[in-house]
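[1] Whatever this is, show me its structure:
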Amino acid sequence: MFESLQPMPADAILGLIVEHQEDPRAEKIDLGVGVYRTTEGATPVLDVVKQAERRLIDTQDSKAYLGTAGNASFNSAMQSLTFGQAEVGDRLLTVQTPGGSGSLRVAAGLILRAQDSATVWVSDPTWNNHVPLLGGAGLQLEPYPYYDSATHEIRIDAMLESLSAAPKGDLVLFHACCHNPSGLDPSEEQWRQITDVVAERELVPFIDMAYQGFANDLDTDAFAVRHMAGRVPEMIVSTSCSKNFGLYRERVGSLSFLVADSGTRQTLASQASSYVRTLYSMPPDHGAAVVSSVLHDAELRERWIVELNAMRNRLREMRELLYGALEEKAPGHDFSHLVRATGMFCFLGISVEQVGRLKKDFGVYMVDSSRINVAGITPGNVGYLAEAIAAVL
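    From the prediction side, this is the model:
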């Protein structure tokens with residue numbers, strides 16, 4: 001039966017990883033892969049995660065099934081981390097999912113169960129897996145303006161105008177912070193303007209928060225979620241612990257629904273359980289147990305915040321280093337958006353041809369859009385990187 005299948009094209013980023021690995025040049029630089037890395041190029045296991053894992057080994061007394069909603073202690077901790085002190089009463093449902101991607105996929109399935117003609121508006125551009133995850137599930141997707149590639153600014157006026165024309169009941173996918181791929185987020189005042197439109201048009205916010213703590217701090221980065229939670233009757237929030245806990249391969253995420261009343265919450269809980277049972281039955285436990293252990297223990301939580309701050313500060317420092325080096329090596333070119341962006345990603349702002357030259361002539365790897373992961377920058381390679389960029393401008 002499988003002889004009829006045709007090969008699928010390789011994922012652009014995964015292909016870059018292979019090309020970079022096979023490049024023999026000692027000075028090569030990988031700015032494509034989407035994981036945090038240290039100055040030494042490692043994606044570390046956080047010290048606090050190791051400590052929590054040791055505790056689990058010593059205290060966990062069963063590997064029995066958890067159930068479709070996953071680890072209840074984890075879900076409670078993630079609700080608090082995500083929504084803070086927002087007044088949500090008994091209207092909030094949270095389930096554990098296999099990573100942020102699993103969260104998005106479960107959300108898509110439940111949206112379609114509720115309304116099979118649902119439309120989700122997504123930012124232009126957005127994370128390259130949003131469209132296959134949500135569109136592939138069967139949701140209708142429409143773009144809304146977000147990033148101006150010429151000025152490297154958020155197109156806030158065009159964004160508000162577009163959302164003001166969206167039909168009542170449509171969903172809008174937002175990035176809570178560290179917008180991927182642009183790295184540019186609305187200000188708190190702009191989030192208030194966006195929320196006004198969402199509330200007036202009776203749209204449903206669908207917020208993807210994959211980088212909480214990587215922009216400013218845990219509370220500031222959740223501003224959009226918490227502000228909207230106080231203004232709308234319904235919303236959906238997908239979260240990931242891959243980045244802020246470094247638990248990439250453990251696949252730890254959560255999915256939260258804010259609904260109109262407790263009765264709807266109970267119905268939705270039964271639907272979520274039914275849907276998850278047909279998809280993956282139940283999520284993996286280990287990573288969620290680690291996160292729960294950290295978030296429920298004051299000492300471990302404080303240590304986690306210290307490590308999280310260090311990761312965020314390194315990313316910020318690498319942006320500043322590259323910006324300073326480019327001011328020196330490429331005068332007359334404005335790269336100020338590098339330091340206005342937050343998180344791991346931003347657009348460098350060069351052409352596809354220039355991206356190709358960087359790879360061919362200098363061993364500098366990034367996707368064709370010129371989106372870079374600043375975690376690939378180090379004090380040791382930033383000078384070479386700036387010289388290479390200047391050479392292709």
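
[2] can you map out the strands along the stretch 151-300 of the chain?
    Along the stretch 151-300 of the chain, the segments classed as strands by DSSP state E, counting those that start in this stretch run 153-154, 171-175, 204-209, 235-240, 252-258.

[3] so what strands line up beside the second one?
    Sheet partners assigned to strand 171-175 using DSSP bridges are listed as strand 119-124 (parallel), strand 204-209 (parallel).

[4] Point out the most buried one among those strands.
    strand 204-209 (a mean of 24; mean count of other CB atoms under 10 Å). Bear in mind the C-beta positions are built from the backbone N, C-alpha and C, glycine included.

[5] if we can go back for a sec, can the strands of the stretch 151-300 of the chain go into a markdown table with extra columns for distance to Gln60 and mean pLDDT?
    Below are the strands of the stretch 151-300 of the chain laid out as a markdown table (distance: least, CB to CB, whole Å; pLDDT from 0 to 100):
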| stretch | distance to Gln60 | mean pLDDT |
| --- | --- | --- |
| strand 153-154 | 45 | 96 |
| strand 171-175 | 35 | 98 |
| strand 204-209 | 28 | 98 |
| strand 235-240 | 23 | 98 |
| strand 252-258 | 16 | 98 |
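
[6] Which one of those lies nearest to Met318?
    Comparison of the strands of the stretch 151-300 of the chain against Met318 by CB to CB identifies strand 171-175 as nearest, at 20.7 Å.

[7] which residues make contact with that closest one from outside it?
    Among residues not part of strand 171-175, those counted as contacts by CB atoms under 8 Å, 6 or more residues apart in numbering are 111, 118-123, 126-127, 130, 134, 144, 163, 166, 185, 194, 198, 203-210, 224, 236.

[8] rerun at 6 Å
    120-122, 203-208 (CB atoms under 6 Å, 6 or more residues apart in numbering).

[9] Equivalent analysis for stretch 87-100, please.
    Contacts of stretch 87-100 with the rest of the structure, by CB under 6 Å, 6+ apart, involve 69-71, 74-75, 78-79, 103, 106, 210, 229, 238, 240, 251, 253-259, 262, 265, 268-269, 272, 283, 288.

[10] got the contacts of strand 171-175 as TSV, with distance to Asp334 columns?
    Formatted as TSV, the entries for the contacts of strand 171-175 read as follows, by distance: CB to CB, whole Å:
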residue	distance to Asp334
Val120	34
Trp121	30
Val122	28
Leu203	35
Val204	38
Pro205	33
Phe206	34
Ile207	31
Asp208	29
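
[11] and the two most separated of those?
    Set against one another by CB to CB, those have their most distant pair in Leu203 and Asp208, with a gap of 15.6 Å.

[12] just the helices in the stretch 251-393 of the chain please.
    For the stretch 251-393 of the chain, the helices identified by DSSP state H, counting those that start in this stretch occupy 262-279, 286-295, 298-329, 337-340, 352-362, 382-392, in order along the chain.

[13] For stretch 262-282, what does the pLDDT average out to?
    The predicted model assigns stretch 262-282 a mean pLDDT of 96.

[14] ok so, going back, need the strands paired with strand 171-175 in JSON lines with distance to Glu19, can you?
    Formatted as JSON lines, the entries for the strands paired with strand 171-175 read as follows, by distance: least, CB to CB, whole Å:
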{"stretch": "strand 119-124", "distance to Glu19": "28"}
{"stretch": "strand 204-209", "distance to Glu19": "28"}
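
[15] Let me see the residues that make contact with the helix or strand of the chain with the lowest mean pLDDT.
    Counting by mean pLDDT, DSSP states H and E, the weakest-scoring helix or strand in the chain turns out to be helix 12-22, with a mean of 84. Contact partners of helix 12-22, identified using CB under 6 Å, 6+ apart, comprise 30, 32-33, 365, 367.

[16] can you name the two of the residues you listed that are farthest apart?
    Greatest spatial distance in the contacts of helix 12-22: Asp30 and Val367, 11.2 Å, computed using CB to CB.

[17] what about burial for the contacts of stretch 87-100, which qualify?
    Buried members of the contacts of stretch 87-100, scored by 16 or more other CB atoms under 10 Å, are 69-71, 74-75, 78-79, 103, 106, 210, 229, 238, 240, 251, 253-259, 265, 268-269, 272, 283, 288.

[18] All the helices of the stretch 101-250 of the chain, residue numbers only.
    130, 136-137, 156-164, 188-201, 218-221, 223-229.

[19] Check which helices and strands the last one sits against.
    Packing contacts for helix 223-229, counted by 3 or more CB pairs under 6 Å, 6 or more residues apart in numbering; DSSP states H and E, involve helix 188-201.
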